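Undergrad: mind looking at a prediction? Sequence and model below.
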Amino acid sequence: MNCAEFASAKHDLLDRMLPDAQARDALAHAAECVACAAELRDFESLRAALLACEKQEWLAASRVRVMAALLEAAACEGMEALPRDTGLTGPVLTLITADAIPGALAG
């Protein structure tokens, strides 16, 4: 696996959606490539932070605002809809950089 292949596989790897053989290849590449290893660590940290947030109790109104902001930002980014319920890492990362979530939480 090379860096380009790793880049296209990393979200599925983090979401545990990558077939075992491809996951092994991706992890082997990250073990040898400093840049991809750093990127994987960053994404794993962000994923852990998002999962920790998910475990906290949010008010129903906050959830509605966040989902509305995500859908609106997704539409602005040209996405028809957010992909599969369990594979949100990539789109959420994109939308966080667009301030969709912080703006929704702010009010």
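TA: Received the coordinates, thanks.

Undergrad: how is this protein divided into domains?
TA: 1-56, 57-107 (automatic domain parsing).

Undergrad: which one of these has the poorest average confidence?
TA: Among the domains of the chain, domain 57-107 has the lowest mean pLDDT, at a mean of 60.

Undergrad: count the residues that sit near D12.
TA: D12: 17 surrounding residues under other CB atoms under 10 Å. Every residue, glycine included, has its C-beta placed from N, CA and C.

Undergrad: give me the contacts around the helix or strand harbouring it.
TA: Following DSSP states H and E, one finds D12 within helix 3-14. Identification of contacts with helix 3-14 by CB atoms under 8 Å, 6 or more residues apart in numbering yields 1, 18, 22-23, 26-27, 29-30, 33, 35-36, 39-40, 43-44, 47, 87, 89-90.

Undergrad: name the residues of that helix that are buried.
TA: Residues of helix 3-14 classed as buried by neighbour count (16 or more other CB atoms under 10 Å): F6, A9, K10, H11, D12, L13, L14.

Undergrad: ok, so of those, who is nearest A68?
TA: H11 (23.2 Å; CB to CB).
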